[in-house]
Structures are given as structure tokens and as C-alpha cells.
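Chemist: Mind looking at a prediction? Sequence and model below.
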Amino acid sequence: MRTLTLSRVAVLSILFLLSSLIGSAGSFDNYLKTSDLEKATGLKGVKSIAKGSAAGAGGDLNFTTADGTLIVMIQVVGKSNYAGYKKMFFKADMKGLGDQAMEGATVPKQPSNLVAFTKGTECVALMAFGDAASGGSKFMLTIAQLTELAKIIASRMK
């Protein structure tokens, strides 16, 4: 009887977790599509993958190449988080993107690979991943490409 109860608790916990993930999944899908990424970068066969489905895919939106190499992770958080991005990664302020914007580097002493901006009550951060062909010394996207993608996202935000 006790095993059955524990099994039920485990099953209910899993169902609750899945329903919460399903409920929140897709809430930012309209912000950026694979076709937007392909058009802005020239890459073909871009795929969108779920948060946590691959190592490094920690964003609300995650995009890979056809072979599964991570290209960019996009996080959407509350506006107050912008200060943390700026404190940790700041390299330069940016103009013409949202209410405030910056570029930064997630790896010290490396080129910029992050664009973060606020619009309304949200902060959006786009982070490009390292290009495996360069041994990680170059990023999959340039700041110009990240900025273009950020502008697409900003245009679709409420």
C-alpha cells in the first residue's frame, strides 16, 4: 500500500512538472522563428529545441544547426534582471534597441557574444555559442547578427 502511494506521488509530481513546463513552453515562440535566424545569418537547416533538451540549451528559446550544434540561446526575464547582465557582461551600450541595450561578453577577455535589452517589463538576452570549427575561439553569430535578431524580437514584443 505504501509503495502504491509513493508511486502515485511520483507520478503526480511528474505530471505536475510536465504540465507546468507545457504551460510555460511556447510563450515566447512568436518572438523568433527558425526562418528569422536563417534569413539573418545565412545558415540553413536551423532547428528550435526545448529548454534543457541539450547541454547548454538553457534559454526560453534555443536554436541549433541541422547537426545539433547550439547557435544561440535567448532568455526572457523581468526587466530588473538587466542590471545583472550589465554588471556581469557589459562591454558597450547600444542605441536603437528597446528601452536600453548593451553588448557584452560571457567569457572574460573574449569578443562580445551577448546582446541584452529591455522593452516594457521584460529583459531579453541573446547569447551566441562558440563555433566548434574554431575551437570555440569564434562565435556562431556576430554582434551585428545578434542585434538584427534582437530587433526582430523587440518588434514582436507587446
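Modeler: Cool, got the structure.
Chemist: If you count residues, where's the longest strand of this protein?
Modeler: Using DSSP state E, we find that the single longest strand of the chain is strand 70-78.
Chemist: a helix runs through Thr147, doesn't it?
Modeler: Yes: under DSSP: H, G, I helix; E, B strand; the rest coil, Thr147 falls within a helix.
Chemist: from what I can see it touches Met94, true?
Modeler: Yes: Thr147 lies in contact with Met94 (CB atoms under 8 Å); the separation is 7.0 Å. C-beta here means a position set from N, CA and C on the backbone, and glycine is covered the same way.
Chemist: what touches both of the two?
Modeler: Taking CB atoms under 8 Å, 6 or more residues apart in numbering as the contact rule, Thr147 and Met94 both touch 103, 115.
Chemist: between the two, who's got more neighbours?
Modeler: Each of Thr147 and Met94 has its neighbours counted (other CB atoms under 10 Å); Thr147 has more, 20 against 17.
Chemist: how does the protein divide into domains?
Modeler: The chain breaks down by automatic domain parsing into domains covering 1-27, 31-156.
Chemist: Most tightly packed of those?
Modeler: domain 31-156 (a mean of 17; mean count of other CB atoms under 10 Å).
Chemist: For that one, measure first residue to last.
Modeler: This stretch, domain 31-156, spans 6 Å end to end (CA to CA, to the nearest Å).
Chemist: Please put the alpha-carbon coordinates of the helix or strand harbouring Met102 into CSV.
Modeler: Secondary structure assignment for Met102, by DSSP states H and E: strand 100-104. Taking C-alpha atoms only, strand 100-104 is exported to CSV below (Å, rounded to 0.1, in the frame of the first residue of the first chain):
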residue,chain,number,x,y,z
GLN,A,100,18.0,50.3,-23.1
ALA,A,101,20.5,47.9,-24.6
MET,A,102,24.1,46.6,-24.3
GLU,A,103,26.6,44.2,-25.8
GLY,A,104,28.8,42.1,-23.6
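Chemist: Just give me how far it sits from the chain centre.
Modeler: Mean-position distance between strand 100-104 and its chain equals 15 Å (CA atoms, centre = their mean, to the nearest Å).
Chemist: Looking at it now, give me its mean pLDDT.
Modeler: Averaging pLDDT along strand 100-104 yields 97.
Chemist: next one: stretch 146-158
Modeler: Per-residue scores along stretch 146-158 average to 95.
Chemist: chain center to it, what's the gap?
Modeler: 12 Å.
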